[in-house]
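Trainee: Got a sequence here, can you build the structure:
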Amino acid sequence: MSYSVGQVAGFAGVTVRTLHHYDEIGLLAPSERSHAGHRRYGDDDLDRLQQILFYRELGFPLDQVATLLDDPEADPRAHLRRQHELLSARIAKLQQMVTAVETAMEAKKMGINLTPEEKFEVFGDFDPDEHAEEVERRWGDTEAYAESQRRAATYTKADWKRLTSGFDAIHARMGDLLAAGAAADSTEAMDVAEEHRLFMHSSYYDCDHAFHACLGDMYVSDPRFTATYEAIRPGLAVYLRDAIHANAARAGGQGE
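Mentor: Predicted coordinates for the structure are as follows:
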């Protein structure tokens, strides 16, 4: 079976003019001609056109496409494998771009007015935007959330670096206590938990012991937060939560 140039153009989503051009430069010569001299394309021609369009979609110039397709050492399966690898790499790159755009959108919503380079410099592998959705879902209608948004909108890169450094130091001390075998309800662990609460209180929003206990629960219940703490030291998410609850109970709050 063979197909006219108009039919092939419709199948492939290209123009008739494009097919004429491919024929003129020797990239895709139809295997048949009608009695009237019109182009007729067979199944092998359609297979070659598919390969051409794959490579064009990947940004290859026509002369390079011709070289690839006319390589006597290559077979159709080799082309498909190459295209699969290239398309997979492109998909991964596009996904990174989508993530970057989403991150920028969330950063604007959170009031974190930093460039991507500045955010990497400040936060390293930790991306605060990944946690924004869960925080907003839980507390988006609270005054504490509104206060955190107001404060965040005023922070500069230097402020975020200072805050990140402070948090890192607190988390490191809590991780060291965990590694040393100190109980989560020991005085040392509760003191670091209180330091954590006061840091949140002074930097983000009013954070009483009851609210702090809710934060501790989220560190364990939400896998994004858990992963952040587990990356510091395995078991830290649960240990920090338990220390926060113990500290709230010590203060007469509602940590239990």
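Trainee: show me the contacts for residue 12.
Mentor: Residue 12 makes contact with 46, 49-50, 53, according to C-beta atoms under 8 Å, 6 or more residues apart in numbering. C-beta coordinates here come from the backbone N, C-alpha and C atoms, glycine included.
Trainee: Let's see if you can find the most crowded of the residues you listed.
Mentor: residue 49 (20 neighbours; other C-beta atoms under 10 Å).
Trainee: That one sits in which helix or strand?
Mentor: Taking DSSP states H and E as the definition, one finds residue 49 inside helix 43-57.
Trainee: Next secondary structure element downstream of that helix?
Mentor: For helix 43-57, the following helix or strand on the C-terminal side (DSSP H and E) is helix 62-69.
Trainee: what's the angle from that following helix to helix 43-57?
Mentor: Put simply, helix 62-69 runs at 130 degrees to helix 43-57, going by axes from the mean of the first three to the mean of the last three C-alpha atoms, to 10 degrees.
Trainee: So which elements touch helix 62-69?
Mentor: The helices and strands touching helix 62-69, judged by 3 or more C-beta pairs under 8 Å, 6 or more residues apart in numbering; DSSP states H and E, are helix 43-57, helix 76-110.
Trainee: lowest-confidence stretch among those helices?
Mentor: Here the lowest mean pLDDT among the helices and strands packed on helix 62-69 goes to helix 76-110, at a mean of 67.
Trainee: May I have the residues that are in contact with residue 8?
Mentor: Neighbouring residues of residue 8 by C-beta under 8 Å, 6+ apart: 19, 41, 45-46, 49.
Trainee: do that again at 7 Å, thanks
Mentor: If you count contacts by C-beta atoms under 7 Å, 6 or more residues apart in numbering, residue 8 has them with 19, 41, 46, 49.
Trainee: average model confidence for the helix or strand where it lies?
Mentor: Per DSSP H and E, residue 8 falls inside helix 5-12. Mean pLDDT, computed over helix 5-12, is 91.
Trainee: could you point out which element follows that helix?
Mentor: helix 16-24.
Trainee: Which neighbouring elements make contact with that next one?
Mentor: Applying 3 or more C-beta pairs under 7 Å, 6 or more residues apart in numbering; DSSP states H and E, one finds that helix 16-24 contacts helix 5-12.
Trainee: how far is the helix it packs on from where the chain is centred?
Mentor: 39 Å (C-alpha atoms, centre = their mean, to the nearest Å).
Trainee: Could I get the full set of helices for the stretch 151-256 of the chain?
Mentor: Using DSSP state H, counting those that start in this stretch, the helices of the stretch 151-256 of the chain run over residues 157-180, 187-203, 209-221, 223-232, 236-250.
Trainee: Could you single out the most deeply buried of those helices?
Mentor: Ranked by average neighbour count under the criterion mean count of other C-beta atoms under 10 Å, the helices of the stretch 151-256 of the chain are headed by helix 236-250 at a mean of 23.
Trainee: on that earlier part again, name the nearest of the contacts of residue 8 relative to residue 64.
Mentor: Nearest to residue 64 out of these is residue 49 (C-beta to C-beta; 16.5 Å).
Trainee: Need phi/psi at residue 3.
Mentor: Backbone geometry at residue 3, expressed as degrees, to the nearest 10, gives phi -130, psi 150.
Trainee: so it bridges to which residues?
Mentor: As for beta bridges, residue 3 partners with residue 41 under DSSP bridges.
Trainee: In this structure it contacts residue 43, no?
Mentor: No. Counting by C-beta atoms under 7 Å, residue 3 stays clear of residue 43, with 9.1 Å between them.
Trainee: Looking at the two, which one has more neighbours?
Mentor: For residue 3 versus residue 43, neighbours defined as other C-beta under 10 Å are more numerous around residue 3 (19 against 11).
Trainee: State the distance from that one to residue 13.
Mentor: As for residue 3, its distance to residue 13 is 14 Å (criterion: C-beta to C-beta, to the nearest Å).
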